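Student: Give me a model of this one.
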Amino acid sequence: MLHPVTLLASWFAFALGLQWAGFASLIVLSCACLGAAAVLAARRCRNLLRRARWLLLSLAVLYFLATPGVYVAGFPGELGVTQDGLLRGGEQIARLVALLASLALLHQVTGSAGLLGGLYWLLKPLPSGEATVVRLMLALEYLERERPVDWREWILPGAGGAESHQGVLVLRTPPFRRRDHLTLLAVGMALLAVMLRP
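Tutor: Residues are numbered from 1 along each chain as shown. Below you'll find the model as predicted:
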């Protein structure tokens, strides 16, 4: 298996490359990521999309109704929906869906420990790198919960039936191998080709 840092760097490159993708490419990529996530990381993908539903809805409303251009024929045009709004809004929604679905896949492949270990390795040079990883660990633990968290659980230990516990986080990362270097080189070249494409 590839090093978690390699997988994280590849995901970052994928996220960056999405900024240069056109509408058709974004639709294909979002469908491919959703399909793979539905098979390999269904629960994580469902949780991420459910928590992002208001952001997705806000993007749709803002782009569909607030983008100037030629109005769509029929009833949507009477509401202020434009062709450019549909195109730009569709691009942003497809981009966000592809990011969330691919993030769920990344989390499924690396696991929480691998993901945090890779982030720690990347953020280690920064002054607040360790604190950032701890905050991300707490956020991941919250995302993995099946039930919603009551506000009392955040401020009162043991309130609302929550069990207080203390755990030790041990981050183990495998050594970098030749395949990791080759993968990073290939990903970097692919991203460069996408960015320089006319």
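Student: Give me the helix or strand of this protein that scores worst on average pLDDT.
Tutor: Scoring the helices and strands of the chain by mean pLDDT, DSSP states H and E places helix 151-155 at the bottom, with a mean of 56.
Student: Can you pull out the residues in contact with the next helix or strand after that one?
Tutor: Next helix or strand after helix 151-155 toward the C-terminus (DSSP states H and E): helix 178-196. The contact list for helix 178-196 (Cβ atoms under 8 Å, 6 or more residues apart in numbering) reads Leu2, His3, Val5, Thr6, Ala9, Ser10, Ala13, Leu16, Gly17, Trp20, Ala21. Using the backbone N, CA and C atoms, a C-beta is placed for each residue, glycine as well.
Student: Narrow these to those in helices?
Tutor: With helices taken from DSSP state H, the overlap with the contacts of helix 178-196 comprises Val5, Thr6, Ala9, Ser10, Ala13, Leu16, Gly17.
Student: gap between the residue most central in space within the chain and His107?
Tutor: Residue closest to the average C-alpha location in the chain (Cα atoms, centre = their mean): Leu100, at 3.5 Å. For Leu100, the distance to His107 equals 11 Å [Cβ to Cβ, to the nearest Å].
Student: Also Pro76?
Tutor: On the measure of Cβ to Cβ, Pro76 and His107 end up 37 Å apart.
Student: More neighbours: the two, which one.
Tutor: Shown here are Pro76 and His107; by other Cβ atoms under 10 Å, His107 has more neighbours (21 against 16).
Student: was I right about the more buried one contacting Arg44?
Tutor: Yes. His107 lies in contact with Arg44 (Cβ atoms under 8 Å); the separation is 5.6 Å.
Student: ok, now which ones touch Leu18?
Tutor: Leu26, Leu29, Arg95, Ala98, Leu99.
Student: Which strand or helix spans Cys33?
Tutor: helix 23-40.
Student: Show the secondary-structure elements that the longest helix belonging to the chain is packed against.
Tutor: When the chain is parsed with DSSP H, its longest helix is helix 83-123. Helix 83-123 is packed against helix 4-17, helix 23-40, helix 42-51, helix 53-66, helix 129-144, with contacts defined by 3 or more Cβ pairs under 8 Å, 6 or more residues apart in numbering; DSSP states H and E.
Student: Enumerate the positions of the shortest one that are buried.
Tutor: Burial within helix 42-51, assessed by neighbour count using 16 or more other Cβ atoms under 10 Å, is assigned to Arg44, Cys45, Asn47, Leu48, Leu49.
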